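Student: Test case, fold it:
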Amino acid sequence: MGLIKSALRRPITILVIVAGLFFFGINAVRNIKIDIFPDLNLPVIYLSHPFGGYTPNQMEAYFGKQYVNLLLYVSGVKSIETKNIQGLTLIKLTFYEGTNMAQASAEVTAFSNRAQAIFPNGSNPPFILRFDASTLPVGQLVLSSPKRTNNELLDLANIYVRSGFTSIPGLVAPAPFGGNTRTILIKVDPQLLRAHNLTPDQVVAALRDNNQTSPAGNVRVGDYNYFTPSNTTIKKIKDFENIPLYKGGVQTLFLKDVATVEDGADVTTSYALVNGKRSVYLPITKSADASTWEVVQNLKKAIPRFQSLLPEDVKLSYEFDQSVYVINAVKSLVSEGAIGAILTGLMVLLFLGDRRAALIVILTIPTCIISGILFLSLFHQTINIMTLSGLSLAIGILVDESTVTIENIHQHMDMGKPKALAIWDACKEIAFPKLLILFCILAVFAPALTMKGIPGALFLPLAMAIGFSMITSYLLSQTFVPIMANWLMVDHNVDKDHPEKAYHLDKHDAAEQKEASLHRAEHEPESKKSKFEKLRERYLKGMDNAVGYRRTIVSLYVIVAIALAGLMLVTIGRDVLPKVNGGQFQVRLRAPDGTRLERTEMDMVKTLHVLEDLVGKKHIAVTSAFIGQHPGQFSTSPIYLFMAGPQEAVLQVNLTEDYRVNLDDLKEAFRKKMHQEMPDVKLSFEPIELTDKILSQGSPTPVEVQISGKNKKQNEAYADTVIKKLSKIPYLRDVQLGQSTKYPAIDIDIDRTRAAQLGVGVSDISRSLLASTSSSRYTEKNVWVDEKVGLSYNVQVEVPEYNMSSVNDIGEIPVLSNNPRPTLSDVATIRRDTTNGENDNLGALPYLSVTANLNKMDLGTANADVQKALKSIGKLPRGLNIETKGLTTTLVDTLDSLQGGLIVAIVVIFLMLAANFQSFKVSLVVLSTVPAVMLGSLLLLRLTGATLNLQSYMGMIMSVGVSISNSVLLITNAEQLRRHSGNALLAAKEAAAIRMRPIVMTSMAMIVGMIPMASGLGEGGDQASPLGRAVIGGLLMSTFATLFILPMVFAWVQGKASTKSVSLDPEDEESIHYIPAN
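Tutor: Below you'll find the model as predicted:
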């Protein structure tokens, strides 16, 4: 009360405060960071360690397990996952929540440096990256040219584009994808080597002797200090051809006699295709504290500047922009806020016929939203999909706040009171009930403070957005609204000569005033009654007919509502977030293990043709494919996109906006066509939306089953069993093993005794073999400087791939200097074999993963069926463990947290209501509409094919909040009238008639305002539509239950209740223990 009185006495002060809120709020709107997700604070660190040429088994033994032993000393480690492929160990460290990640990063760095002492010679320190939502790419910057090679494009990307990213605040980009580093290649001919009795290792030694990096000294002559550089490093690439291969003697043999020299690139391990043509692209990421929207917009502005630095034939473009996701949500918020404010104003205009009151309502909604953003900014939050969802929800509740206040002012003015008195009485009357409603709604979202992990990180910003807006709305309704009402609204006609109206000027008992107002309305001539008054009369007549059966009706309502709501809750589908039909998808192709890179590229080209046949070339906006394994020198790239070998390829597709298709149908048709065209190629669709990637926590598919145990063969056998079980579930697709276990190998078994007899050491064999099958860069570091650009490049010796195409060619590799014999086949047995192409470990235990996608099925149902399938396997051997991972874990954690939080919130609300009404029975009466809300929301979600997810859950919670708001005000009026008249039935009907207009106004405004969102037709409509549908369904049933069921429940429960207070104070006149003073 004091707040209202202070505002009315000092109106200019309130206006100054509101103006300040608006001014600083607009400034906050302009400066607040725009991101896709809030700070999830994911406690994950990646460690990537490349070491060229080592097999997966070697990487596991020399690096992977050694790291695990050392990293167990790091504080707070929860799990250590290791992936070992050829030339790379990738480690994912997950920490317990609350771990100091700065300290953890420092400890990981320290222990990884310590590990260098036990690693093979030549090992470099690993790359360590803290993982959070900002780590994932938000787009691709593509370089393409009709005449340049990928290696040239990569060089241009590194020199002219990536180096310029420092001018864009917050922009971070890993190494370019699709090219290979420029390298000076010494391509030796095996036949010429044999003809001159040379080994590849001798060529490497000659290169080392003739191209060395050495420091320049100084000579002080006279008054000057001279540099003394020498040409120990070869200046021109062509001069490498003149390197002599013999020392001393008359005969001179040059490098050009046994090899060719090329300005090329390292051994090709990958390609990138953009729109089917070889290209290079830079994945675009941002720093953790940067705004995604600002980074992307600044990058787009800088593209013309980067383009001007590149040759004319090189085109630069930005593709797969993920920032539009949050901008679509911002547009939706703006449109929904405008629609909500306008519709609320129209409802006020329609029901009250007061344009000035409608203007007041329209002004309060944007002020509350802007103030909410201001407080979000002060608490270091961002504009993201969760805070935007919170603000969208808040709009619905703000509609209720402003409408109720204005309607109550009109109600008091209709009693014949002067405007100032009517405003004071109206605001005073609802001040405490509205405060109670505020606490109830805040209680619904309060469990966000105790949620942990991803659910807590997602829900807390949403709860803060709603809380800040709601608190501001309540304060404005008690200060700003009465002031504006005094200044803008027109006084109703007050006839002091009319005896009934004069009564209202003299007496201020609220119950009597309301009863008299209803009595006067009932006895108005029919010609003077408004349409709403006639509707209210019909409503009261209907209530009169129904109240006689109130016990039967209420009993049926409780049984049916709870039973149906429970049935809906059990049978409705569940997802973390709604499925988005965004016109983008990502698919991974797996050719048979060990397939050559060139063959995999051909498969990708065929795949693109299949896609064009399905959708038409004109409907494909852009395609981006990455084929093969990342080059070893780009150790961070596997963190962003993991590729296990040359047999794998990943395709991203962006369809045109005008092409409308259900992605599930398109994916199913794509699968069938691919199976017909390339039956030996496996495919698996992966998340492309940034939200799905983050929530999946690294899992490539919605369903992932992990089989772990110390026996690798046993793991493989049970993985096959899991695949068979999951394949029987009809809606699961792409069921396959995630790792390569049958990778082809050519084993070279060196006979050390035979080699020693022939004067050959294992080191001689190893160096010659490596230079012939890979390159000398792994055993001999050698560089050349391009003085035009001032950059150094590797020089390496290798045998061209086309010269090493059979087992016989391998056997003919010379291994002894200056002798044609022995060759490798003389000292080793060479045979074909298979081995693991990828070794994955969870801690020290090896594991395999079985992955699967869904076809037109929700994740909750799939998870339940998968769990049943896994249980049907029976008792597992000792030490073997099978469990689900990834998105299913996030789903269970999120919905369990929300359901548990909602139960706690309802209990808290019940206790607050009991404390307010001083009655547990009345508290239950207020909550009696909750089953109807749940039923309405779940029923409409089920009928429209939507699932129970984070968005629809928020819609249900908002509907519960509005329902409790209406119920509190109706029951407050009913209890007041009952205490005055002693008749609970009459009091319930009168209270319902009084509250009918604001309830209908609020519900109609919110339902109509939610229709655009529920339709899913606007920007980002798929994501928000379940929220709108949950609100509409909940409000429809809530409105019915509040107007028809709630009065009957109140009349039944309070029918025999005393009109006296439960107070125990003998001096309280309303207490049954009251003792009058003498």
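Student: Is the residue positioned nearest the centre of the chain within a helix or a strand, and which one?
Tutor: Residue closest to the average C-alpha location in the chain (Cα atoms, centre = their mean): residue 691, at 2.4 Å. Using DSSP states H and E, residue 691 maps to helix 690-696.
Student: What is that helix packed up against?
Tutor: helix 887-917 (3 or more Cβ pairs under 8 Å, 6 or more residues apart in numbering; DSSP states H and E). For glycine as for every other residue, the C-beta is placed from the backbone atoms N, C-alpha and C.
Student: and the next element down the chain from the helix it packs on?
Tutor: Counting by DSSP H and E, the next helix or strand C-terminal to helix 887-917 is helix 920-926.
Student: what does that next one contact?
Tutor: 910-911, 913-914, 917, 964, 967-968, 971, 975, 1046, 1049-1050, 1053-1054, 1057 (Cβ atoms under 8 Å, 6 or more residues apart in numbering).
Student: Equivalent analysis for stretch 800-812, please.
Tutor: Contact partners of stretch 800-812, identified using Cβ under 8 Å, 6+ apart, comprise 187, 189-190, 194, 746, 748, 772-773, 823-825, 830, 832.
Student: so which pair among the contacts of helix 920-926 is furthest apart in space?
Tutor: The span of these, defined through Cβ to Cβ, is set by 964 and 1057 at 21.2 Å.
Student: Give me the more crowded residue out of those two.
Tutor: More neighbours surround residue 964 than the other of residue 964 and residue 1057, with 26 against 16 (other Cβ atoms under 10 Å).
Student: Report the contact partners of the closest residue to that one other than its chain neighbours.
Tutor: Leaving aside its sequence neighbours, residue 964 sits nearest to residue 440 (Cβ to Cβ, 6 or more residues apart in numbering; 5.1 Å). Applying Cβ under 8 Å, 6+ apart, we find residue 440 in contact with 909, 912-913, 961, 964-965, 968.
Student: Helix, strand, or coil at residue 440?
Tutor: At residue 440, secondary structure determined by DSSP: H, G, I helix; E, B strand; the rest coil is helix.
Student: again, but for residue 585
Tutor: strand.
Student: Residues in a beta bridge with it, which ones?
Tutor: With beta bridges defined as DSSP bridges, residue 585 has these partners: residue 653.
Student: which phi and psi does the closest residue to residue 947 other than its chain neighbours have?
Tutor: Once flanking residues are discounted, residue 947 sits nearest to residue 573: 4.0 Å by Cβ to Cβ, 6+ apart. Backbone torsions of residue 573, given as degrees, to the nearest 10, read phi -70, psi 160.
Student: Okay, residue 573 and residue 1015: tell me how far apart.
Tutor: Distance of residue 573 to residue 1015, given as Cβ to Cβ, to the nearest Å: 20 Å.
Student: Was I right to think residue 1036 contacts residue 1008?
Tutor: No - Residue 1036 is beyond contact range of residue 1008, at 11.9 Å (criterion: Cβ atoms under 8 Å).
Student: Looking at the two, which has the bigger crowd around it?
Tutor: With neighbours defined as other Cβ under 10 Å, residue 1036 and residue 1008 compare such that residue 1036 has more, 19 against 16.
Student: what sits against the more buried one?
Tutor: Counting by Cβ under 8 Å, 6+ apart, residue 1036 has contacts 936, 940, 1003, 1007.
Student: avg pLDDT for the helix or strand where it lies?
Tutor: Secondary structure from DSSP H and E places residue 1036 in helix 1021-1040. In this model, helix 1021-1040 carries a mean pLDDT of 86.
Student: Provide the secondary structure category for the nearest residue to residue 777 once chain neighbours are set aside.
Tutor: Using Cβ to Cβ, 6+ apart and skipping residues adjacent in sequence, the residue nearest residue 777 is residue 796, 4.3 Å away. For residue 796, the assignment made with three-state DSSP gives strand.
Student: residues contacting residue 796?
Tutor: Counting by Cβ under 8 Å, 6+ apart, residue 796 touches 183-186, 266, 775-777, 782.
Student: Helices - which of the residues you listed land there?
Tutor: If you go by DSSP state H, these have nothing in helices.
Student: From residue 112, how far out is the residue nearest to residue 947?
Tutor: 44 Å.
Student: For the stretch 101-250 of the chain, which residues score under the pLDDT cut-off?
Tutor: Along the stretch 101-250 of the chain, the parts satisfying pLDDT under 70 run over 133-134, 247-250.
Student: so residue 732 touches residue 863, yeah?
Tutor: No - using Cβ under 8 Å, residue 732 makes no contact with residue 863, being 11.5 Å away.
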